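Asker: Everything below, folded, please.
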Amino acid sequence: MSQLMHELRLDLLLKLALAVVLGGAIGLEREISGKPAGLRTNILICVGAALLTDVSVALTTIPERVGDPSRLAAQIVSGIGFIGAGTIMQARGTVTGLTSAATIWVVAAIGITVGAGLYFEAVGAGALVTTVLAGLGTLEHRLRRARRVLSCTIRAKPGFPPNELEAILGVSGIRILGQRIFDHPEDRVFELKLSGPARQYDIVTEKLLIHEDIFGVHID
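Answerer: Numbering: from 1, shown residues only. All right, here's what the predicted structure looks like:
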């Protein structure tokens with residue numbers, strides 16, 4: 001029976017099946033959340049990382065081959081960065097997709113752990129990641145709805161009317177607590193103290209940046 005298991009590589013089948021389960025659990029949460037890296041993406045990454053790690057370890061057991069399994073694992077970690085980078089988008093100062101990129105990276109790490117035969121650690125990590133993604137989403141949503149007071153600098157064309165700026169901010173639920181206006185030959189600069197829901201700042205930044213009369217926005 002042990003010879004049969006060795007020939008058929010049932011241990012590898014177990015690793016790949018576990019990679020499907022763990023990658024699928026994380027991917028399902030991402031799919032439900034409507035993220036670009038969803039169910040199939042996370043499963044394939046986890047299975048691929050597990051398979052490559054198993055192959056790397058197996059190569060070291062062949063007498064005529066001398067290898068270091070950690071080298072291939074290191075290549076997986078660096079290589080997965082290209083996929084993660086593809087999920088990150090940057091548009092005029094607004095960055096999105098960081099959570100998806102981090103998820104892809106940690107799914108690859110779980111796959112490496114499965115491929116190395118560390119099943120308990122892999123299951124624990126998979127459960128923890130799924131809990132963080134699903135459970136902390138509600139907390140993150142509440143934090144984004146909490147009101148924050150921030151400073152903002154806006155560069156606009158000369159003579160840009162303050163009431164138009166106030167209207168744009170007001171639509172997104174952001175109030176101006178205080179403002180100073182500086183006029184220059186090439187632009188008009190607004191230094192504002194704003195109050196509003198945290199998540200609305202990214203939204204209003206995009207609205208301001210697509211306005212043809214606004215040159216730049218900086219919120220801190």
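
Asker: List the buried residues of the longest helix anywhere in the chain.
Answerer: Ranked by residue count and defined by DSSP state H, the top helix of the chain is helix 119-145. Neighbour counts over helix 119-145 (16 or more other Cβ atoms under 10 Å) mark 122-123, 125-126, 129-130, 133-134 as buried. To be clear about C-beta, it is placed using only N, CA and C from the backbone, and glycine gets the same treatment.

Asker: can you check stretch 97-110 too?
Answerer: Quick answer for stretch 97-110 (16+ other Cβ under 10 Å): 97, 99-101, 103-104, 106-110.

Asker: In the chain, which residue is most central in space?
Answerer: residue 99 (1.8 Å; Cα atoms, centre = their mean).

Asker: That one against residue 35, yeah?
Answerer: Yes. Between residue 99 and residue 35 a contact is recorded at 7.5 Å, counting by Cβ atoms under 8 Å.

Asker: The protein - how does it break down into domains?
Answerer: 2-144, 146-219 (automatic domain parsing).

Asker: average pLDDT across the last one?
Answerer: What that stands for is domain 146-219. Mean pLDDT, computed over domain 146-219, is 89.

Asker: okay, how far is it across it, tip to tip?
Answerer: One end of domain 146-219 sits 17 Å from the other (Cα to Cα, to the nearest Å).

Asker: Now do it: distance to the chain's middle.
Answerer: 27 Å (Cα atoms, centre = their mean, to the nearest Å).

Asker: Equivalent analysis for the longest one, please.
Answerer: Domain 2-144 sits 14 Å away from the centroid of its parent chain (Cα atoms, centre = their mean).

Asker: could the buried residues of stretch 97-110 go into TSV alongside pLDDT?
Answerer: Shown next, in TSV, are the buried residues of stretch 97-110 (pLDDT from 0 to 100):
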residue	pLDDT
97	71
99	77
100	79
101	81
103	84
104	85
106	87
107	89
108	88
109	88
110	90
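
Asker: Just flag the most distant two among those.
Answerer: Spanning the widest gap among the buried residues of stretch 97-110 are 97 and 110, at 19.9 Å by Cβ to Cβ.
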